[in-house]
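J.: Please work out how this folds:
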Amino acid sequence: MSKKATENVLDLSKVRNIGIIAHIDAGKTTVTERVLYYAGLIHRMGEVHDGAATTDYMEQERERGITITAAAVTAFWRDHQINLIDTPGHVDFTAEVQRSLRVLDGGVVVFDGVAGVEPQSETVWRQANEYHVPRICYVNKMDRVGADFERCVSMITDRLNGNPVIVQLPQGEGPDFAGIIDLLNMELVTYGDDLGTAIERQPIPAEMTGDAEIARGEMIEKIVENDDDLMEKYLSEEPISNDELLAALRKATIAGIVHPVLCGSALKNKGVQMLLDAVVDLLPSPLDVPPIQGINPKSEESEERHATDDEPLSALVFKIVTDPFVGRLAFFRVYSGVIEAGSTVLNTTKDRKERIGRVVRMFADRREDVTEVHAGDIAATLGLKDTFTGETLSAQQKPIILENIEFPTPVISVAIEPRTKADQDKMGVALAKLAEEDPTFVVSVNEQTGQTLISGMGELHLEVLVDRLKREFKVDARVGKPRVSYRETITRAVRGEGRFVRQTGGSGQYGHVVIAVEPLPADAEGDDVVIENKTVGGSIPKEYIRPAQQGILEAAQSGVIAGYPVVRLKVSIVDGSFHEVDSSEMAFKIAGSMALKDAVQKGKAILLEPYMKVEVVVPEEYAGDVMADLSARRASIGGMETRSDGVASIRADSPLGEMFGYATNLRNTSQGRGSFTMEFEKYNPVPENIAKEIIQGGF
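T.: Predicted coordinates:
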């Protein structure tokens, strides 16, 4: 192994792979911009509201002032390399957060000091729990009117089930916010200039000493709870050094037991350097996280890879970006071994060899060529032909398949058609490229109407993709009205029978399948159709069981009562018959399809519609009108909370079909002062009168 690689192994403890995650508009991109400035990567800070933030480099991001795609940057702080991903906050782009968290070792969760924990904060927190990502909390916007640090911390406990450890206190809140009290070193940090570079450390003012002492005592108690040696010292009233406290806090943070809380105002350039210090001091390096687990495709046994260059290569591709100038860019995280430019690796998911072309370190939309990427690092490569999101790259002689990334299914569809014949061919290619990039964007053709349908996570998601079609791929397309992805299911257990008999001149066709179908409970995991073979005595020969199952699945996919996929079914093949000469796989496939259609029609079939978890934030005086409007949309109101800044937060569950165009409606109701977020929650039955309209094509 080269000397350079050996040095890299030693330096792995100085690598941090972190993501900045939060609700929309909590200040993630502003925090990232400050990180880049203080790390010396940019010499002027761009603002989101001016469309000049470094990591919001897409035209759509700059126009809308939101992050749409997760941007990766590499910065250096205190001799540590920080690979940082700025993720979107809008729920329509939740897949970006999900795939980023899958490959990150730590996270910074940003909270709005006024709003506290918001719906998307809950979603990203839940996703971080799912991937066991240790995190620190940064309460941002402490300079805004209505900022309330204590309320924010208590919401982390109540709403997120977190275990916050306060390591900093704000000196003043709202317009009075002047500095940050560091509880570990017991000093006040203030800033002598507007850029936040002239940091001044001084003793805590007398009027705040009492509060700081109490808060430090609580912090020490929470830290020593997780360390037996320190607990012994604490109970014996022996002095505990700051280094010991920091080491114990780091250990508990990496274990996910506690969540250190910091504060500041990124826009006013206060607190970001201390946040960077916390990233270095408290979040894990690739060596601190457990070895990655995977399956050996040859032996089908579980294996693990450690974060070292000495082990065989294992890397996960977590994001594909189509660049109009350079082609397809694949982002990957190396878990073990080294990826070198020009080398050949194995895509173990597809069992195909891939040649690694150029390897680049990303700086938002800028690229810097490197010759190799070591264990624990994140980079991107150009030139992979068959590799997509969630697939594993490994050494050819030592294959391993890492766990794939699960994405939510799309909930909204629109029909799309090219305006001219010239756009026709371009549209197919462009849609395929966008679908390669985004696993929550699905392109399909409606067999009955021949229309091309595009499906995604929400109206904004599809709007952005259609905009990209026009700008990046120069395809002019017409878009139809949004359609909801309904589902079908049955409400009672039934038997269904399918008998396919065709007699022609020569040998005929014969297939006969009997099935027992029962609905899966509403709380069953997933929306699958589960099929079991319960035939006895060879009533259906073994070779015809699989075709029959295939027919059942295909019928379920194309729907029975209204053409929507059938879900939540347990199907048992219980009986049937065959003909020695005339039976064939095709006959049993058709018989299976007929049996399912027969069962669904007998089983009191109903339609299911996606319900969304909605939170509307409006000034208090508009709350009554907003709740009345939501109720008219068949929403059930879950509760209302009034914040200290005179703003009401209304939570509700509403059918997606009723929420189209809600943004315009809310703007009118609240004179442009309201905002709302929406995320998919679950499928619920559609009321009978509305189901009739949908089935007759009224929707």
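J.: Please list all residues in contact with the residue most central in space within the chain.
T.: The residue lying closest to the centre of the chain (C-alpha atoms, centre = their mean) is residue 98, at 2.6 Å. Contact partners of residue 98, counting by C-beta atoms under 8 Å, 6 or more residues apart in numbering, are 127, 405, 406, 407. Backbone N, C-alpha and C define where each C-beta goes, glycine included.
J.: From residue 34, how far out is the closest residue to the last one other than its chain neighbours?
T.: When you say that, I think you mean residue 407. Spatial nearest neighbour of residue 407, excluding adjacent residues (C-beta to C-beta, 6 or more residues apart in numbering): residue 439 at 4.5 Å. Distance of residue 439 to residue 34, given as C-beta to C-beta, to the nearest Å: 31 Å.
J.: By neighbours, which of the contacts of residue 98 wins?
T.: Within those, residue 405 tops the neighbour count with 21 neighbours, counted by other C-beta atoms under 10 Å.
J.: What is the neighbour count of the closest residue to that one other than its chain neighbours?
T.: Leaving aside its chain neighbours, residue 405 sits nearest to residue 390 (4.3 Å; criterion: C-beta to C-beta, 6+ apart). By other C-beta under 10 Å, 20 other residues sit near residue 390.
J.: How about residue 256?
T.: By other C-beta under 10 Å, neighbour count at residue 256 equals 14.
J.: where's the closest residue to it other than its chain neighbours relative to residue 78, distance?
T.: Using C-beta to C-beta, 6+ apart and skipping the chain neighbours, the partner closest in space to residue 256 is residue 134 (5.3 Å). Distance, residue 134 to residue 78, using C-beta to C-beta: 19 Å.
J.: between these two, who's got more neighbours?
T.: Neighbour totals were compared for residue 134 and residue 78, and residue 134 leads with 25 against 13 (other C-beta under 10 Å).
J.: I'd guess the residue nearest to the centre of the chain is in a helix, am I close?
T.: Yes: counting by DSSP: H, G, I helix; E, B strand; the rest coil, residue 98 falls inside a helix.
J.: And the pLDDT at it?
T.: For residue 98, the pLDDT comes out at 83.
J.: same deal with the one 5 residues further on?
T.: Taken from the predicted model, the pLDDT recorded for residue 103 is 91.
J.: Was I right to think the residue nearest to residue 405 contacts residue 320?
T.: No: using C-beta atoms under 8 Å, residue 390 is not in contact with residue 320; the gap is 10.0 Å.
J.: shared neighbours, the two?
T.: In contact with both residue 390 and residue 320: no residue, using C-beta under 8 Å, 6+ apart.
J.: Next up, phi/psi of residue 493, please.
T.: Per-residue torsions, residue 493: phi -80, psi 140 (degrees, to the nearest 10).
J.: Chain neighbours aside, what residue packs nearest to it?
T.: Using C-beta to C-beta, 6+ apart, the nearest residue to residue 493 is residue 518, at 4.0 Å.
J.: Just give me the neighbour total for that neighbour.
T.: Per other C-beta under 10 Å, the neighbour tally for residue 518 reads 17.
J.: repeat for residue 604
T.: Residue 604: 12 neighbours (other C-beta under 10 Å).
J.: Now, the contacts of residue 98 that are in helices?
T.: Judged by DSSP state H, the subset of the contacts of residue 98 located in helices is residue 127.
J.: OK, contacts around the residue nearest to residue 604 when sequence neighbours are not counted?
T.: Leaving aside its sequence neighbours, residue 604 sits nearest to residue 491 (C-beta to C-beta, 6+ apart; 4.5 Å). Residues in contact with residue 491 (C-beta under 8 Å, 6+ apart) are 519, 603, 604, 605, 606.
J.: Is residue 491 in a helix, a strand, or coil?
T.: Three-state assignment for residue 491 (three-state DSSP): coil.
J.: what about stretch 26-45, how long is it end to end?
T.: End-to-end distance for stretch 26-45, by C-alpha to C-alpha, to the nearest Å: 18 Å.
J.: Flag every buried residue along that stretch.
T.: 26-39, 41-42, 45 (16 or more other C-beta atoms under 10 Å).
J.: for stretch 120-130, same thing?
T.: Buried residues in stretch 120-130, counting neighbours by 16+ other C-beta under 10 Å, are found at 120, 121, 122, 123, 124, 125, 127, 128.
J.: Among the residues you listed, name the ones in helices.
T.: 120, 121, 122, 123, 124, 125, 127, 128.
J.: can you pull out the strands in the stretch 251-400 of the chain?
T.: 259-263, 292-295, 302-305, 314-323, 327-336, 339-340, 344-347, 352-355, 359-363, 366-370, 372-373, 378-382, 392-394 (DSSP state E, counting those that start in this stretch).
J.: of all the ones in helices among the buried residues of stretch 120-130, which comes closest to residue 139?
T.: The closest of those to residue 139 turns out to be residue 121 (C-beta to C-beta; 11.4 Å).
J.: okay, the closest one: pLDDT?
T.: Looking at residue 121, its pLDDT stands at 85.
J.: before we move on, what about residue 91?
T.: The model reports residue 91 with a pLDDT of 61.
J.: Please apply the same query to residue 308.
T.: The per-residue pLDDT reported for residue 308 equals 93.
J.: my read: it touches residue 336, true?
T.: Yes: with contact defined as C-beta under 8 Å, residue 308 counts as touching residue 336 (6.3 Å).
J.: got any residues that touch both of the two?
T.: Jointly contacting residue 308 and residue 336 under the rule C-beta under 8 Å, 6+ apart are residue 375.
J.: Which of the two has more residues huddled nearby?
T.: residue 336 (27 against 19).
J.: Tell me what the more buried one is bridged to.
T.: residue 314 (DSSP bridges).
J.: Next, the contact list for it, please.
T.: By C-beta under 8 Å, 6+ apart, the residues touching residue 336 are 292, 305, 306, 307, 308, 309, 311, 312, 313, 314, 375.
J.: now do 6 Å
T.: If a contact means C-beta atoms under 6 Å, 6 or more residues apart in numbering, then residue 336 has 305, 311, 314, 375 as its contacts.
J.: what's the spacing between it and residue 379?
T.: The spacing between residue 336 and residue 379, counted by C-beta to C-beta, is 15 Å.
J.: with the contacts of residue 336 in mind, which one is nearest to residue 692?
T.: Nearest to residue 692 among the contacts of residue 336 is residue 314, at 53.7 Å by C-beta to C-beta.
J.: Spit out the contact partners of that closest one.
T.: Under the criterion of C-beta under 6 Å, 6+ apart, the neighbours of residue 314 are 305, 335, 336, 394, 400.
J.: Which of these ranks first by neighbour count?
T.: Within those, residue 335 tops the neighbour count with 29 neighbours, counted by other C-beta under 10 Å.
J.: pLDDT score assigned to the nearest residue to that residue once chain neighbours are set aside?
T.: Once flanking residues are discounted, residue 335 sits nearest to residue 292: 4.3 Å by C-beta to C-beta, 6+ apart. For residue 292, the model assigns a pLDDT of 94.
J.: Verify the contact between residue 292 and residue 334 for me.
T.: No: using C-beta atoms under 6 Å, residue 292 is not in contact with residue 334; the gap is 10.2 Å.
J.: The two: who's more crowded?
T.: Neighbour count, other C-beta under 10 Å: between residue 292 and residue 334, residue 334 has more, with 25 against 21.
J.: so how many other residues sit close to the residue nearest to that one when sequence neighbours are not counted?
T.: Spatial nearest neighbour of residue 334, excluding adjacent residues (C-beta to C-beta, 6+ apart): residue 315 at 4.6 Å. The number of residues packed near residue 315 is 31, by other C-beta under 10 Å.
J.: Next up, the contacts around residue 315.
T.: 332, 334, 393.
J.: Dump these into TSV; add pLDDT and distance to residue 451 as well.
T.: Below are those laid out as TSV (pLDDT from 0 to 100; distance: C-beta to C-beta, whole Å):
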residue	pLDDT	distance to residue 451
332	94	36
334	96	43
393	96	37
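J.: Now flag whichever of these is closest to residue 411.
T.: Residue 411 has its nearest neighbour among the contacts of residue 315 in residue 332, at 29.1 Å by C-beta to C-beta.
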